Each structure stands twice: as C-alpha cells, then as structure tokens.
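*Asks:* Take a look and give me a structure for this.
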Amino acid sequence: MFGCHFSAPSFTFADIRELYHLRWGIETSFRDLKYTLGLVNLHGKSDAFAEQEIYASLTAFNFASRVCKEVVVRQPKNGVYAYKVNFKMAVMLCKEFLRTPRADGETLLKEIARHTVPIRPNRQDERNLRTKGFYGFVYRIAA
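*Replies:* Model (predicted):
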C-alpha cells in the first residue's frame, strides 16, 4: 500500500518514477556504507560508542573514496569490459594504511590499482533472499 500527504492529481506516475530514480544513488550509497564498511552490526554498547563507530566509518569511507579517485586503472587493450577499482578491497587497504605508522601513499595507490573489477552494464541478477541470523557478541556477556 502506498500512502502520502499529496492529493492525487499532484504527481503523475512519470513524476513519481523520476523521483524514485533520483533517490537511487542515495540508496546505493547507503548500501555501500552499510556493507562495505561493516555497519550492519554496531559493536558499541552505548549510544556514544555507536555514534563514534558510525563517524569513524564515514571518515574511512570518505578517505577511501578520495584515494580511489586518484588511482589510475589500466584498461586492457582488447578487453570486453572496462575496469574500475574494487571499492571494498580499497577500503580494507586504506584502513590498513591508516594503521601502519610508516606507510607509503604511492604503494597504497599501486596496491589498490591491482584490485579491479569489470564494469558490466545492464547486468541484472536474481536476488537470493535469506533470513537474517543472530549475530551475538560474546565479549558483552563478560561485561
């Protein structure tokens, strides 16, 4: 059931379709944040720690995004697909870079450039829906 505060003649079906299309980029960004950075399950017990974890993840996401824009991805000459940076791997490498005291930025860029994925336009895959299981945190029992 679809409900809203607008009267029926305010928006046509095409208008609603366009609004939904404009929102799609935001939806995929939230999906990237949630799954790529591991924000499905927060580890903090209090609201302050959960908020800190979210802000730290947003900072890591922004850092990895900026680094990925600087990476030069070599495209194969006779390849079927163009390639882009594997963002999930780039986030992991950026986190490791931030943890390493004497890490080199050029090495980080080269390492990220090694992990690429093909861009496959108009690809659709059937969704495999599964029930979500319980994710317990054992360390909370002792506290």
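*Asks:* which helices and strands does whichever helix in the chain runs longest pack with?
*Replies:* Ranked by residue count, the top helix of the chain under DSSP state H comes out as helix 47-70. Using 3 or more CB pairs under 8 Å, 6 or more residues apart in numbering; DSSP states H and E, the elements in contact with helix 47-70 are helix 87-99, helix 105-114. C-beta here means a position set from N, CA and C on the backbone, and glycine is covered the same way.
*Asks:* which residues are contacting that helix?
*Replies:* 32-33, 36-39, 42-44, 85, 87, 90-91, 94-95, 98, 108-109, 112 (CB atoms under 8 Å, 6 or more residues apart in numbering).
*Asks:* measure Leu93 to Lys84 for me?
*Replies:* As for Leu93, its distance to Lys84 is 15 Å (criterion: CB to CB, to the nearest Å).
*Asks:* Look at the residue nearest the centre of the chain and report its pLDDT.
*Replies:* Closest to where the C-alpha atoms of the chain average out (CA atoms, centre = their mean) is Asp32, at 1.7 Å. Predicted confidence (pLDDT) for Asp32: 76.
*Asks:* quick one, what contacts it?
*Replies:* 61, 87.
*Asks:* Same question for the one 4 residues further on.
*Replies:* Applying CB under 8 Å, 6+ apart to Thr36 gives the contacts 61, 87-88, 91.
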